[in-house]
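Engineer: One predicted model, sequence on top.
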Amino acid sequence: MSIPGPYGFEKQSAVRYFGEHGSFTYEAAIQLFPDNVTNFRHHGSVEEIVDFLMNDTEAVGVIPMENSNTKLVGDSADALMSGQLEIIGEAKMPITLDLMGFAFATDEVREAHSHHKALRQAYHFLKDRGIKPVESGSTSQAVREIVEKEIPHIAAIGSGKLAMRHSAKGLRVIAGDIADERHNSTRFLVVRWRDITDMIELRDLGLSDMTEVRATALVTPRAKTSTAFTGLFDDNDIRHVITESRPVSGHEGFFGHRVFLVEMRTQKRHLARLGRDKRLSKVIQHLDVVGVYPPATMLQ
């Protein structure tokens, strides 16, 4: 039986998230699906999540999409570009990066392990203190690895909540809130496996529906540039951002056709109007909508 959650999502048979227990994606997932904690499973990559969702169409995945400072998460963009996932929601969560380890001061630390995005966000902090950045699969993986080693001069960057979890072993926060930019947040997507035959038709959304929504689509224009369709979106009052693009299969050359991942913010009626616009088929060869969902949920 489906149980509505606090953010409008339903209770799922399984929730898959990127990173290990205690990762930032885990923190987002546990707020979005508090009734599913016993059905949580972690994965070391977005690709692994996609593979699992393909075999369990009742499950959902929570993946990081974009950080306010380091921008797009490439693996998540790749997964969306494949057209295999449907987006059913998004959430934003403030991110605080802490330096954790067994040392008592930062001048004792020689290496800091973390996900490459977190290392970039703390670039100046590490550089100014002569700390060598070492990449790990995720922030939570980095914490687990340094707990196993217990070497004082090796630290990890991630959520300070992980230090509390391993406090019995002596792990502590050496320095808090070390990101170069203080206003740091990450946007997460809630996704599920997509039945390619179940297409989302914009024209069916309702011309009188003024509900504010987000939508994501894969757009292949007939021309070789995005300018061919951006004007059409503007004319239909659709605010949009081109997040990523890839060459169309068989047209990989520099001047070849491309498919664009476009994220939109508008009302349902404007999307419906776009779907009915007679110019659509003239400028767009293929429009594949991979999700129409509510505005981002703000997490803590």
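Structural biologist: Perfect, I can see it now.
Engineer: Per-residue pLDDT of D204, please?
Structural biologist: Confidence at D204, expressed as pLDDT, is 88.
Engineer: ok, which stretches of the protein are helices?
Structural biologist: 24-32, 46-55, 74-81, 116-121, 123-128, 139-149, 161-165, 227-235, 268-276, 280-283 (DSSP state H).
Engineer: For R194, which of the ones you listed is the nearest?
Structural biologist: Minimum separation from R194 across the helices of the chain (C-beta to C-beta) falls at helix 46-55, 8.9 Å. Backbone N, C-alpha and C define where each C-beta goes, glycine included.
Engineer: outside of that closest one, which residues touch it?
Structural biologist: Surrounding helix 46-55, the residues in contact under the criterion C-beta atoms under 8 Å, 6 or more residues apart in numbering are 16-18, 41, 43, 59-61, 63, 73, 75-76, 78-79, 82, 84-85, 191-193.
Engineer: Out of those residues, which sit inside strands?
Structural biologist: In this view, the contacts of helix 46-55 that belong to strands under DSSP state E are 16-18, 41, 43, 60-61, 63, 85, 191-193.
Engineer: Return the member of those nearest to H153.
Structural biologist: Nearest member of the ones in strands among the contacts of helix 46-55 to H153, counting by C-beta to C-beta, is F18, at 28.6 Å.
Engineer: ok, back up a step: give me the buried subset of the ones in strands among the contacts of helix 46-55.
Structural biologist: 16-18, 43, 60-61, 63, 85, 191-193 (16 or more other C-beta atoms under 10 Å).
Engineer: Tell me both backbone torsions, phi and psi, for I131.
Structural biologist: Dihedral angles of I131 (phi, psi; degrees, to the nearest 10) stand at phi -90, psi 130.
Engineer: residues touching Q300, list them.
Structural biologist: In this structure, Q300 makes contact with 31, 93-94, judged by C-beta under 8 Å, 6+ apart.
Engineer: Can you report how many residues lie near the residue nearest to A59 when sequence neighbours are not counted?
Structural biologist: Counting by C-beta to C-beta, 6 or more residues apart in numbering, A59 lies nearest to A14, which is 4.0 Å off, once chain neighbours are set aside. Counted with other C-beta atoms under 10 Å, the neighbours of A14 add up to 17.
Engineer: let's number from 68 now, not from 1
Structural biologist: With the count now opening at 68, the last piece we talked about shows up as A81.
Engineer: contacting residues for A81?
Structural biologist: With contacts defined as C-beta under 8 Å, 6+ apart, the neighbours of A81 are 103, 106-108, 123, 125-127.
Engineer: try R259
Structural biologist: Taking C-beta under 8 Å, 6+ apart as the criterion, R259 is in contact with 120, 124, 126-128, 152-153, 155.
Engineer: Also K199?
Structural biologist: Contact analysis of K199 by C-beta under 8 Å, 6+ apart lists 177-179, 193.
Engineer: how about H183, what does it touch?
Structural biologist: E202.
Engineer: Pipe the contacts of R259 into CSV and attach distance to A363 and pLDDT per row.
Structural biologist: Formatted as CSV, the entries for those read as follows, by distance: C-beta to C-beta, whole Å; pLDDT from 0 to 100:
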residue, distance to A363, pLDDT
L120, 21, 94
T124, 25, 87
A126, 22, 91
V127, 16, 93
G128, 17, 95
L152, 17, 94
E153, 17, 94
I155, 13, 93
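Engineer: for these, which one is nearest A230?
Structural biologist: Each of the contacts of R259 was scored against A230 by C-beta to C-beta, and G128 proved nearest at 27.0 Å.
Engineer: Please name the bridge partners of the closest one.
Structural biologist: With beta bridges defined as DSSP bridges, G128 has these partners: R83, V258.
Engineer: And for H110?
Structural biologist: Under the criterion DSSP bridges, H110 forms beta bridges with F85, G86.
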